[in-house]
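*Asks:* From the sequence below, what's the structure:
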Amino acid sequence: MLDQVQSATDVAELMAGIGRNARAAARPLATASAGAKNAALEAMAAAIVAGRDGILAANAIDLENARESGVASSFIDRLTLTPQRIDGIAATIREIAALKDPVGDVIAEWDRPNGLHIERVRTPLGVIGVIYESRPNVTADAGALCLKAGNAVILRGGSDSLNSSQAIHACLVAGLKQAGLPEHAIQMVPVADRAAVGAMLSGLNGTIDVIVPRGGKSLVARVQNEARVPVFAHLEGLCHVYVDRSADLAMATSIVVNAKMRRTGICGAAETLLVDRAVASTHLVPILDALKAAGCEIRASAEIREMVPGLIAASEEDWSTEYLDAIIAVTLVDGIGGAIDHINRWSSSHTEAVIAEDQAVADRFFAEIDSAILLHNASTQFADGGEFGMGGEIGIATGKMHARGPVGVEQLTSFKYRVRGTGQVRP
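*Replies:* From the prediction side, this is the model:
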């Protein structure tokens, strides 16, 4: 018992120190020049490329531990780093460096009748806490994005990816030092103790301004339930693809297979396929055959199983399940109205796609569904900050306050008002 108390005390002291260091680093970062931040980012990218072998060796340890624990193949995919993925991490950091610096950007300005000139200007949020699970690339994405937006960041990665994340973090710190920026601008929690998460959710004595969770349903639910600071979060990516009666069959087949199977373990992967009942006789079987040929397990409604024998029966639970695996739930709906009703009932408000040649159908889909990302005739796998030209993202926010959709550099800023006068006083 004494050891447990000592351990809790040690973690609390560790986290309090990390919070103080982050707050101290936030002030000079807020006024750091774009040139200094970009120099740090370029140095980070170079360090990651130079440190590829060390990062891969650290990742091999994490992968061995994960396989021994018997985790799903989709989890292994999220955890795995390859030379190509490491080069991709470095490329993403360079893309972030190339983005316009958001700090100081004038969002809007106007003049009042009394002569006051008012500007709304982007400012850093301050200190951001990022809590994530198995994706080691989030270490680099989050660190780079927060730095570009002038924020200090505290990273708490999952225990499964701790070795990989620490190896990447060392490259980020090297870049900060090379550019003369505070090395505590990007800190990584060095322990796997869950008490560290609780400390971050408490706000670390007021030193954390925003929490961004990126992970599974249980992690995000805990963050949303316990956090005492604002949260940018999505609970899960329960994404839908609707194939309308006006859809081009070849296009629909290509998009559905890509949306489900390109990478099954990402939050933008399609989990439910809705097909207009009016084209079930022409579109359904070719699309399902293409999914099966790609290795996808299909869980179908009773009506579909009558048409296509041998499929697994879908239960009501399947309509609310984020598989993150090569599994998809499929049902028929009565046109665009039926699709909207199904999505609005079951969606997690992340990403939905409509495949239709009828523009009126697409317009109604966009108007009546309120998910963070909506696509017309494109794969849900484009639900990604990099694909949006943001240079990367910390995550996809599905709430309705401040940040929504991909959380990139602009979403990691707040704003203030600058009011310029010529001696005005209020009567």
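*Asks:* Count the neighbours of the closest residue to Gly408 other than its chain neighbours for me.
*Replies:* Once flanking residues are discounted, Gly408 sits nearest to Met390: 3.3 Å by CB to CB, 6 or more residues apart in numbering. (Each C-beta comes from the backbone N, C-alpha and C, glycine too.) Counted with other CB atoms under 10 Å, residues neighbouring Met390 total 20.
*Asks:* likewise Glu357?
*Replies:* Counted with other CB under 10 Å, the neighbours of Glu357 add up to 13.
*Asks:* repeat for the one 10 residues further on
*Replies:* A count of nearby residues for Ala367, using other CB under 10 Å, gives 10.
*Asks:* Got phi/psi on it?
*Replies:* Ala367 adopts backbone torsions of phi -80, psi -30, taken as degrees, to the nearest 10.
*Asks:* Okay, it and Ala360: tell me how far apart.
*Replies:* Remark: distance between Ala367 and Ala360 (CB to CB, to the nearest Å) = 10 Å.
*Asks:* State the helix or strand in which the residue nearest to Arg277 when sequence neighbours are not counted lies.
*Replies:* Closest residue in space to Arg277, ignoring its immediate chain neighbours: Leu332 at 4.4 Å, by CB to CB, 6+ apart. Using DSSP states H and E, Leu332 sits within strand 327-333.
*Asks:* Can you name the residues in contact with that strand?
*Replies:* Outside strand 327-333, the residues that touch it by CB atoms under 8 Å, 6 or more residues apart in numbering are 242, 260, 270-277, 280, 284, 288, 291, 296-301, 303-304, 314, 318-319, 321, 339, 341-342.
*Asks:* Would you mind checking the average pLDDT for the helix or strand encompassing Asn21?
*Replies:* Secondary structure assignment for Asn21, by DSSP H and E: helix 2-30. When pLDDT is averaged over helix 2-30, the result is 84.
*Asks:* With stretch 340-348 instead?
*Replies:* 96.
*Asks:* With stretch 83-95 instead?
*Replies:* Summarised as a single mean, pLDDT over stretch 83-95 is 96.
*Asks:* Give the buried residues for it.
*Replies:* Residues of stretch 83-95 classed as buried: Ile86, Ile89, Ala90, Ala91, Thr92, Ile93, Arg94, Glu95 (neighbour count, 16 or more other CB atoms under 10 Å).
*Asks:* Tell me which residues touch the residue of the chain positioned farthest from its centre, please.
*Replies:* Ranked by distance from the centre of the chain (CA atoms, centre = their mean), the top residue is Pro427, with 49.0 Å. Contact partners of Pro427, counting by CB under 8 Å, 6+ apart, are absent.
*Asks:* One more: Glu322?
*Replies:* Counting by CB under 8 Å, 6+ apart, Glu322 touches Lys217, Glu236, Gly237, Leu238, Cys267, Glu271, Ser348.
*Asks:* Name the member of these that has the highest neighbour count.
*Replies:* Within the contacts of Glu322, most neighbours by other CB under 10 Å means Glu271, with 30 neighbours.
*Asks:* pLDDT (mean, whole number) over the helix or strand harbouring that residue?
*Replies:* Assigned by DSSP H and E, Glu271 belongs to strand 270-276. Mean per-residue pLDDT for strand 270-276: 98.
*Asks:* For this structure, give me the ranges with low pLDDT.
*Replies:* 1-8, 235 (pLDDT under 70).
*Asks:* Now the helix holding Asn21: buried residues?
*Replies:* Across helix 2-30, burial judged by 16+ other CB under 10 Å covers 11-12, 14-15, 18-19, 21-23, 25-26, 29-30.
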